[in-house]
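Undergrad: coordinates only, sequence not included:
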């Protein structure tokens, strides 16, 4: 290498800095949306916003605030649920993007949350303040990873009527045969291990067995093409449809 070429070579510390600048530009340029999508909840068509950390591009409907999982559940309602109503419905940790959708399909819509002001019923999913067989449908999206899921699934089973449904969604890695929940992971270490500071596990494929152990029969509704591209869904994400068997 000539002396002039050697003199023009960038200092080693400059490479990581330039890469960070380039990456920042790539992310910022996509925060406002990359492709046109359609929201099956509110009818918006256009670019969705990014959401999450790290950001998921085209995830957040800028009109109704729906995320991928909300839009997938709406598609299940449209395509898999024939009856006009879901009966008496319990919405656990209610998401605003789904509230009107579920309210319109319920004979009686009840929101439940641990925090005051977030629902009609302040209660713990591990100890539901409801009578046995008092609801026909439970919607429980991205809640079980926060708590004792064995106790929560048992409570959901208890309050459901015979033949009732529970629509479950969780963060899951299908390539893992077993759920990852090591003991002793606390505080901010949970973000490193589970993706969020208030999560206590990351589910593997054995999530299905956990649901069946609680007494449920289980089917699945999967985000597939061409709906993934059209509606901005998470590829392969599932609605787990757990049914309490009738006698």
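TA: Structure's in. What do you need? Here the structure is a predicted model, which means the values were calculated and not measured.

Undergrad: Sketch out the low-pLDDT regions of this protein for me.
TA: Applying pLDDT under 70 to the chain picks out residues 1-13.

Undergrad: Longest strand in the protein, by number of residues?
TA: strand 160-169 (DSSP state E).

Undergrad: Pull up the gap between residue 135 and residue 214, please.
TA: For residue 135, the distance to residue 214 equals 16 Å [Cβ to Cβ, to the nearest Å]. In this view, the C-beta of every residue, glycine as well, is placed from N, C-alpha and C.

Undergrad: Neighbour count: these two, which is higher?
TA: A side-by-side neighbour count of residue 135 and residue 214, using other Cβ atoms under 10 Å, places residue 135 first with 24 against 20.

Undergrad: circling back: report the buried residues of the longest strand of the chain.
TA: Across strand 160-169, burial judged by 16 or more other Cβ atoms under 10 Å covers 160, 161, 164, 165, 166, 167, 168, 169.

Undergrad: Apart from its neighbours in sequence, what residue is nearest the second one?
TA: Counting by Cβ to Cβ, 6 or more residues apart in numbering, the nearest residue to residue 161 once its immediate chain neighbours are dropped is residue 133, at 4.8 Å.

Undergrad: Run the chain-centre distance for the longest strand of the chain.
TA: Centroid separation between strand 160-169 and its chain, computed with Cα atoms, centre = their mean, to the nearest Å, is 18 Å.

Undergrad: re the thing from before, any chance of the buried residues of strand 160-169 in TSV, plus distance to residue 186?
TA: Written out in TSV, the entries for the buried residues of strand 160-169 read as follows (distance: Cβ to Cβ, whole Å):
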residue	distance to residue 186
160	33
161	38
164	36
165	35
166	29
167	30
168	26
169	25
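
Undergrad: Need the max-distance pair from the residues you listed.
TA: 161 and 169 (21.4 Å; Cβ to Cβ).

Undergrad: longest helix of this structure?
TA: When the chain is parsed with DSSP state H, its longest helix is helix 14-28.

Undergrad: Report the buried residues of the first helix or strand past that helix going along the chain.
TA: Following helix 14-28 in sequence order, the next helix or strand is strand 36-38 (DSSP states H and E). Across strand 36-38, burial judged by 16+ other Cβ under 10 Å covers 37, 38.

Undergrad: List the buried residues in the helix or strand that strand 36-38 is followed by.
TA: With elements assigned by DSSP H and E, the helix or strand that comes after strand 36-38 is strand 45-47. Within strand 45-47, the residues that count as buried by 16+ other Cβ under 10 Å are residue 47.

Undergrad: which helices and strands does strand 45-47 pack with?
TA: Helices and strands touching strand 45-47, by 3 or more Cβ pairs under 8 Å, 6 or more residues apart in numbering; DSSP states H and E, are strand 36-38.

Undergrad: For the strand it packs on, which helices and strands make contact with it?
TA: Using 3+ Cβ pairs under 8 Å, 6+ apart: strand 36-38 touches strand 45-47, helix 227-231.

Undergrad: one step back: pull the residues that contact the longest strand of the chain.
TA: Strand 160-169 has contacts (Cβ atoms under 8 Å, 6 or more residues apart in numbering) with 69, 72-73, 76, 86-87, 133-142, 144, 156-157, 211, 216, 237-247.

Undergrad: Residue 204: neighbour count?
TA: Counted with other Cβ under 10 Å, residues neighbouring residue 204 total 17.

Undergrad: residues near the nearest residue to it once chain neighbours are set aside, how many?
TA: Nearest residue to residue 204, sequence neighbours excluded (Cβ to Cβ, 6+ apart): residue 176, at 3.3 Å. Residue 176 has 14 neighbouring residues, counting by other Cβ under 10 Å.
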